[in-house]
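3D model of this:
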Amino acid sequence: MSAARTPQLQAWIEGIGFIAPGMPDWTTAQAVLRGEQPYVSALSVLPPPALLPPAERRRASRVIKLSLALGLEAVAHAGADAATLATVFSASGADGHNCHALCEQLATDDRQLSPTRFHNSVHNAAAGYWGIATRCMAPCQVIGAFDASWGAGLLDAMAQVACTGEPVLLVAYDSEYPQPLFAKRDTPDCAGVAMVLSAQPSDKAIAAIRLRTTRSRAAPMADAGLERLRLQVPAMRALPLLQRLAKGQGGSVVLDYLAPQQIEMEVAPC
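Numbers count the residues shown, from 1 in each chain. Presented below is the predicted three-dimensional model:
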């Protein structure tokens, strides 16, 4: 099928949230992606989950802090109401540190698990905490597709925008595992990106994006440090798209998905 006939999804990006090693927010990431300052990797900085009630705040893991911070930054950037937004949460795994602790406990003679650790072990824990923090009752999808999780979440979010005409918040994130699990899944640190996507342009719109599938190769990052980050953290497969957004550049960019099928994004800055 020719590219001209390939079905496309369209949306407008109205807000972005970002956290990664050495880039604690979207403002910092923009400067790095534009080449205004060098990329220097450092431990990810996770803001405290201030919106959570005290009991939940004490239990909040790194994944919860990460996903809440990403979503809230994107919502604030878009000037949106978090309580009304449908959401898509996308991650290649769940809470790595919690998974490690559960495995340690199960390896002992005492296999009684902490109820808190158990309910934090599920893949949709971050989405649940988001609902508690924001009191959001809108529909929520939770997606895992290993290294293709960013692309799967983006496809789902854009399909929802196209079908419902309502805005959607996409939160894609990943977290590290301690050893010995780290030897099998070597994500170096937690990182993620969030986007508020809408069906119609507005004065908040950053860019229009169109999505279609392709079999072209994904675009690497020119900076070696950013390329390592793109390859090591599934949510950072978004970096080539984010670089175009940071620079205000239009054009086409290919992102990793389920090889040989990839995602081609057409970007038109607003």
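
Name all residues that make contact with the residue nearest to Ile13 when sequence neighbours are not counted.
Spatial nearest neighbour of Ile13, chain neighbours left out: Ile206 (4.7 Å); criterion: C-beta to C-beta, 6 or more residues apart in numbering. The C-beta positions use only the backbone N, C-alpha and C, and glycine is treated the same way. Ile206 is in contact with 12-16, 245, 269-270, counting by C-beta atoms under 8 Å, 6 or more residues apart in numbering.

Farthest pair within those residues?
Across the contacts of Ile206, the longest distance by C-beta to C-beta is 14.9 Å; it joins Gly15 and Pro269.

Compare those two (neighbour count), which wins?
Using other C-beta atoms under 10 Å, the more surrounded residue of Gly15 and Pro269 is Gly15, with 24 against 15.

Next, that one: phi, psi?
phi -160, psi 150 (degrees, to the nearest 10).

and if you look at the one 10 residues further on?
Summarising the backbone geometry of Asp25 under the convention degrees, to the nearest 10, its torsions are phi -160, psi 170.

Verify the stated contact: it with Ala31.
No: with contact defined as C-beta atoms under 8 Å, Asp25 does not reach Ala31; the gap is 10.4 Å.

Looking at the two, which has the bigger crowd around it?
Using other C-beta under 10 Å as the criterion, Asp25 and Ala31 rank with Asp25 on top: 18 against 15.

tell me the contacts of that one?
Going by C-beta under 8 Å, 6+ apart, Asp25 touches 17-19, 73.

confidence score at it?
Listed pLDDT for Asp25 reads 98.

separation between it and Arg244?
Counting by C-beta to C-beta, to the nearest Å, the gap from Asp25 to Arg244 is 19 Å.

tell me which element the closest residue to Glu266 other than its chain neighbours falls in.
Spatial nearest neighbour of Glu266, chain neighbours left out: Arg210 (4.2 Å); criterion: C-beta to C-beta, 6+ apart. Here Arg210 sits within strand 207-214, counting by DSSP states H and E.

Distance from the helix or strand just after that strand to the middle of the chain?
Per DSSP H and E, strand 207-214 leads on to helix 224-232 as the next helix or strand towards the C-terminus. Distance of helix 224-232 from its chain centroid, counting by C-alpha atoms, centre = their mean, to the nearest Å, is 16 Å.

What residues sit buried inside helix 224-232?
Using 16 or more other C-beta atoms under 10 Å as the test for burial, helix 224-232 gives 226-230, 232.

Also stretch 247-267?
For stretch 247-267, the buried set under the neighbour-count rule, 16+ other C-beta under 10 Å, comprises 253-257, 262-267.

Output stretch 97-116 as PDB, nothing but the C-alphas.
These are the backbone C-alpha positions of stretch 97-116, laid out as PDB (Å, rounded to 0.1, in the frame of the first residue of the first chain):
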ATOM      1  CA  HIS A  97      12.000  -2.000  43.200                       C
ATOM      2  CA  ASN A  98       8.700  -3.400  44.500                       C
ATOM      3  CA  CYS A  99       9.100  -6.400  42.200                       C
ATOM      4  CA  HIS A 100      12.600  -7.000  43.700                       C
ATOM      5  CA  ALA A 101      11.300  -6.700  47.300                       C
ATOM      6  CA  LEU A 102       8.500  -9.200  46.600                       C
ATOM      7  CA  CYS A 103      10.900 -11.700  45.000                       C
ATOM      8  CA  GLU A 104      13.200 -11.300  48.000                       C
ATOM      9  CA  GLN A 105      10.300 -12.000  50.400                       C
ATOM     10  CA  LEU A 106       9.100 -15.000  48.400                       C
ATOM     11  CA  ALA A 107      12.600 -16.500  48.500                       C
ATOM     12  CA  THR A 108      12.500 -16.700  52.300                       C
ATOM     13  CA  ASP A 109      10.700 -19.100  54.600                       C
ATOM     14  CA  ASP A 110       8.200 -16.400  55.500                       C
ATOM     15  CA  ARG A 111       6.200 -15.800  52.300                       C
ATOM     16  CA  GLN A 112       3.700 -13.400  53.800                       C
ATOM     17  CA  LEU A 113       3.600 -10.400  51.600                       C
ATOM     18  CA  SER A 114       2.900  -6.800  52.700                       C
ATOM     19  CA  PRO A 115      -0.600  -5.800  51.400                       C
ATOM     20  CA  THR A 116       0.900  -2.400  50.400                       C
END
